[in-house]
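Novice: From the sequence below, what's the structure:
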Amino acid sequence: MRSWRRISLCCLALFLLSSNTVQEKHWLTFLSQEINLNANAEFIELVFQIDPDMHIQANKLTDPNLIPTKISIDWPAKLEVSPPQYPNQKIMRLKGSEKELQVFSGKFTVKYPISHRPAGVYTIRGKMHYQACNEYKCFFPRTLNFRFLLNID
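Specialist: From the prediction side, this is the model:
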């Protein structure tokens, strides 16, 4: 009986370790590795790509049980950047559900209005916290760390 318990505990430990590795999967890619702006630019545009057959929750949701997409960026003090403008969300339903979800899918752009933009080259780091789903289920939230080079003429 004790050997079955040990075997069960070992199997459980292996499952937990392997499922933890699976949780590191990202369905989202940051595409804006280098952004070039001229002195008249009004926006910094960040482009993301979601894997096919997947979507992520939008930034404004009607269901409090879902996790909205949120971006946080460490902007240099020299720049004056306003809060982000997210794209229009799409409406979809999981298979077998009547509940509407507000989502982003495919390639989408988040715009940051910029009012003070001194010339220079800046390395900027950010994070996107998001919850990905396919047509059947939603996965645990993830945080995608990203960085980009901002060149301002």
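Novice: CA only for contacts and neighbour counts going forward, please
Specialist: Will do.
Novice: Ends of stretch 94-110, what's the gap?
Specialist: 25 Å (Cα to Cα, to the nearest Å).
Novice: Check stretch 58-78 too.
Specialist: Span of stretch 58-78 from end to end, Cα to Cα: 30 Å.
Novice: And stretch 131-147, by the same measure?
Specialist: So stretch 131-147: terminal residues 20 Å apart, Cα to Cα.
Novice: From the chain's centre, how far out is that stretch? Work that out for me.
Specialist: 7 Å (Cα atoms, centre = their mean, to the nearest Å).
Novice: repeat for stretch 70-78
Specialist: 15 Å.
Novice: Give me the buried positions along that stretch.
Specialist: 70-71 (16 or more other Cα atoms under 10 Å).
Novice: List the neighbours of it that are in contact with it.
Specialist: 59, 81, 116-118, 122, 124-130 (Cα atoms under 8 Å, 6 or more residues apart in numbering).
Novice: what does stretch 99-118 give?
Specialist: Taking Cα under 8 Å, 6+ apart as the rule, stretch 99-118 contacts 39, 41-52, 54-58, 60-63, 78-87, 89-93, 152.
Novice: Need the buried ones from those selected in ChimeraX.
Specialist: A single ChimeraX command is used to select the members of the contacts of stretch 99-118 judged buried by 16+ other Cα under 10 Å:
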select :42,43,44,45,46,48,49,50,51,54,55,56,57,58,61,81,84,86,89,92,152
